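Peer 1: Coordinates for the following, if possible.
(one chain, ligands or ions: 1)
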Amino acid sequence: MNQNKYILFITGSILHVHDKINKNEFCSRYPREPHCDLRLYIQNSRLEKHSRLLNYEYYNVIFYYIEKILLKYKINTTFYTTYSLNRKNETLEINGNKYVIYDQYLGKSFNLFNKAFLQIKDSEILDNYCIRYLVESFRIMGMSIEASIFYSIGLQTNAFEKLNLAYSTKSECTAYTFIQETFIILHEIAHIIIKQNPRLISYKKREIDQYIDKQPFSLFNNLDKADKLIGNFNLDEFRRKNLIEEIICDYIATKYTFELFFNNELLTAEEFAEAIYLGLRTMRSINLLNGIISTYVKRPNERKSHNLSQLFRESSIRYWLIKDSIRSQYRSKYKTKFKEDPLHNLLLKDMHDYDSFYETPFLNVQTILKKLSATLKKHNSLKNIPFSQQISVLNEIDHMLGWR
Ligand SMILES: [Zn+2]
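Peer 2: All right, here's what the predicted structure looks like:
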């Protein structure tokens, strides 16, 4: 991976966009301080880190390029970058104004996953990521017993130290992260585009419908193993409609990520395809983790099903189909730039490497939380136990989880 072209590109772009903002050409659309309505919404929905940690210049570059797509559809929107424990990218409308909120912590996560997989090649980093994620999530939800269990696990296993080391290791894959962040913001924007142009849903709908019914990915995957995990798959009309919209947004995001940056040659053609694919797998891992935590808390996420096996299979369909959307780009305008069919390479690699990084650490969390749930059930609710006895329960949990 050669990052030189990317570094030249991004520094040039930062200067260019900074200059435009200074000349007041579009500073109102990229505010540092959100308007009152938006501020209220963010304060009520997120736990934000200090704004001095925000890398506005970098994100304004992504927004600047993405605006070119929005202009095609005559969509006006305000971009806002946040850095919150929620790691959530979203679009919303308040009083007729459209907003795109991008969370820098999500970008930081993409970069970490890329470093773990492509550069440091150590899946333990993602185990450590999960522990920190659990501490943060349980803290946000005010579940202090669980938060302290995972905090002490983190201390005992040096998970936080090792994670911080990985975070501070110089990234050699920032071009991957840049492409993924663009893709993920474009995916959110695709939802706005579809809302304004509902006919776009018919694009590929039949094909996707057939795919969902037949799930041909089972031909490639070892489905014996997968079936045990995912069980029966019943999609009601509402969920099917949602899944199809998600997949079409992935297609639109892939198309425009290619259109915006493929010809800049920030990465080789195959790396470019891999960046998009890995971006979606990272999102899937984080969504699974959220689903696993929600299932534990029994506070199902209203947008996703609380049925974890369903979430698992739906997201598998998405990441298998992202290969299809990459392939359709390969087959159309960009074929001459690829040495080989990127799908073929991704499939080969998938069987060997991806699962241990993008799946196993997250499924391990599921096992741990199941055990924890069983132990806490045995003790009824920890909250009702006197503090002196809580310590012994916590010790028992440590012992059970093998953290001694
Ligand atoms: Zn979506």
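Peer 1: Now do stretch 68-80: everything it contacts.
Peer 2: The contact list for stretch 68-80 (CB atoms under 8 Å, 6 or more residues apart in numbering) reads 28-31, 34-35, 38, 42, 59-60, 63, 91, 97-102, 186, 189, 192-193, 196-197, 256, 259-260. Where C-beta positions appear, they are placed from N, C-alpha and C, glycine not excepted.
Peer 1: Give me the buried entries from these.
Peer 2: Listed as buried from these are 29-30, 34-35, 38, 42, 59-60, 63, 91, 98-102, 186, 189, 192-193, 256, 259-260; burial here means 16 or more other CB atoms under 10 Å.
Peer 1: who does the strand of greatest length in the chain pair up with?
Peer 2: Longest strand of the chain, by residue count under DSSP state E: strand 97-103. Using DSSP bridges, strand 97-103 pairs in its sheet with strand 78-82 (parallel), strand 90-94 (antiparallel).
Peer 1: how about those strands in TSV, adding distance to the ion and mean pLDDT?
Peer 2: Below are the strands paired with strand 97-103 laid out as TSV (distance: least, CB to the ion, whole Å; pLDDT from 0 to 100):
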stretch	distance to the ion	mean pLDDT
strand 78-82	17	90
strand 90-94	9	90
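Peer 1: and the stretch 151-300 of the chain, which residues reach the ion?
Peer 2: Glu246, Cys249 (CB under 5 Å from the ion).
Peer 1: which sections of the stretch 151-300 of the chain are below the confidence cut-off?
Peer 2: 215-234, 299-300 (pLDDT under 70).
Peer 1: so what's Asn55 closest to, chain neighbours aside?
Peer 2: Gln104 (6.5 Å; CB to CB, 6 or more residues apart in numbering).
Peer 1: so what's that neighbour up against?
Peer 2: Leu53, Leu54, Asn55, Tyr59, Thr81, Thr82, Tyr83.
Peer 1: out of the strands paired with strand 97-103, nearest to Leu165?
Peer 2: Set against Leu165 and scored by CB to CB, the strands paired with strand 97-103 come closest in strand 78-82, at 25.8 Å.
Peer 1: CA atoms only: put that closest one into CSV for me.
Peer 2: Listed next in CSV are the C-alpha coordinates belonging to strand 78-82 (Å, rounded to 0.1, in the frame of the first residue of the first chain):
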residue,chain,number,x,y,z
THR,A,78,-25.8,21.2,6.5
PHE,A,79,-22.9,19.0,7.6
TYR,A,80,-21.9,18.6,11.2
THR,A,81,-19.0,16.6,12.7
THR,A,82,-19.2,15.3,16.2
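Peer 1: from here on, count from 441
Peer 2: Got it, first residue is 441 now, which makes that one strand 518-522.
Peer 1: Off-centre distance for that strand?
Peer 2: 17 Å (CA atoms, centre = their mean, to the nearest Å).
Peer 1: Buried residues, it. List them.
Peer 2: Thr518, Phe519, Tyr520, Thr521, Thr522.
Peer 1: In strands only, show me the buried ones among the contacts of stretch 508-520.
Peer 2: Thr531, Lys538, Tyr539, Val540, Ile541, Tyr542.
Peer 1: Now for those: which two are most distant?
Peer 2: Lys538 and Tyr542 (13.7 Å).
Peer 1: quick one: contacts for Glu710?
Peer 2: Phe778, Lys779, Glu780, Pro782, Asn785.
Peer 1: I would like a ChimeraX command selecting only the buried ones among the residues you listed, please.
Peer 2: If you want just the buried ones from the contacts of Glu710 in ChimeraX, going by 16+ other CB under 10 Å, the selection is:
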select :778,782
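Peer 1: of all the contacts of Glu710, which comes closest to Tyr591?
Peer 2: Asn785 (40.7 Å).
Peer 1: count of neighbours near Ile534?
Peer 2: 14 (other CB atoms under 10 Å).
Peer 1: and the nearest residue to it once chain neighbours are set aside, what does it touch?
Peer 2: With CB to CB, 6+ apart as the criterion, Ile534 has its nearest non-adjacent residue at 4.5 Å, and that residue is Asp477. Contact analysis of Asp477 by CB under 8 Å, 6+ apart lists Ile534, Asn535, Asn537.
Peer 1: Show me the residue sitting in the middle of the protein in space.
Peer 2: Met723 (2.4 Å; CA atoms, centre = their mean).
Peer 1: All the helices of the stretch 591-740 of the chain, residue numbers only.
Peer 2: 599-608, 614-636, 645-654, 657-660, 663-670, 677-701, 709-737 (DSSP state H, counting those that start in this stretch).
Peer 1: Would you map out the domains in the chain?
Peer 2: Domain ranges of the chain: 444-544, 547-812, per automatic domain parsing.
Peer 1: For Lys610, give me phi and psi.
Peer 2: phi -60, psi 130 (degrees, to the nearest 10).
Peer 1: Next one: it from Asn551, what distance?
Peer 2: 11 Å (CB to CB, to the nearest Å).
Peer 1: And for Tyr481?
Peer 2: Tyr481 is 27 Å from Asn551, by CB to CB.
Peer 1: same thing with Lys811?
Peer 2: 31 Å.
Peer 1: what about these two, which has more around it?
Peer 2: Taking neighbours as other CB under 10 Å, Lys811 and Asn551 compare with Asn551 leading, 21 against 13.
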